[in-house]
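*Asks:* Compute the structure for the input listed below.
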Amino acid sequence: MRRSQQERTRATTGALVAAARELFISDGFSATSLDAICARAGVTRGAFYHHFGNKEQIFREVYAAEQKALAVVVERAFRVRQDPWDGMYAGCRALLEASLEPAVRQITLVEAPGALGWSAMRDIQAGCKEQMRRGLTIAIEAGCIADRPLNPVTSLLYGGICESALDIARAPDQRAALEDSLTELALVLAGVAGRATPGCAHSR
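*Replies:* Just a heads-up that it's a prediction; the model follows:
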């Protein structure tokens, strides 16, 4: 059966994004040409411009897809814990660990700052930041932490996690840097909650 126009469009854009992702990982953003993306995807340059305006635009799609995938990883880690504050730590840990996967690291931590700039990155990351805000809301409603203004604590925690991910990615010993960061993360979250451990069991 002949595919609909919508199906053909979805297939073409999917092939282009997948091809671009592979090349951005292996060759980097600057060294990847549109011709290389088109050749790998098996489409013409005209087909590329039908869907994307330039290389920056397709990188934005690749980066956005990575952020959505990371959000799924964080959500899964959060939900498997019965205690919301344990879930908060588990979600943050999952994000830092996933960011060290070579492909994810290359796209989100190495290439994105130069390809997109911080303003565009922050816009795309808004969904992940909101995810943390929801987690904090759940923790407050469960009595794990005291009620407080959510915007500043969300920004402080989310900004700290993002900076930690960058530091870990640049560290000579990434695994050691990750473990050190996780230790400090547990202490920070305990401080936010005003207790010795992340969980709700010892809440005031």
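
*Asks:* When you work out contacts or count neighbours from here on, use the C-alpha atoms and nothing else.
*Replies:* Noted.

*Asks:* can you pull the buried residues of stretch 168-175?
*Replies:* Ile168, Ala169 (16 or more other Cα atoms under 10 Å).

*Asks:* which outside residues touch it?
*Replies:* Stretch 168-175 has contacts (Cα atoms under 8 Å, 6 or more residues apart in numbering) with Ser99, Leu100, Arg105, Leu109, Ala177, Leu178.

*Asks:* redo that, cut-off 10 Å
*Replies:* By Cα atoms under 10 Å, 6 or more residues apart in numbering, the residues outside stretch 168-175 that reach it are 96-97, 99-102, 105-106, 109-110, 162-165, 167, 176-181.

*Asks:* how close does the nearest residue to Ser181 once chain neighbours are set aside get to Leu95?
*Replies:* Of all residues not flanking Ser181 in the chain, Ser164 sits nearest, at 6.9 Å (Cα to Cα, 6 or more residues apart in numbering). Using Cα to Cα, to the nearest Å, Ser164 is found at 10 Å from Leu95.

*Asks:* how about the residue nearest the centre of the chain, phi and psi?
*Replies:* Central residue of the chain (Cα atoms, centre = their mean): Gln67, 3.7 Å from the mean position. For Gln67, the backbone dihedrals (degrees, to the nearest 10) come out as phi -70, psi -40.
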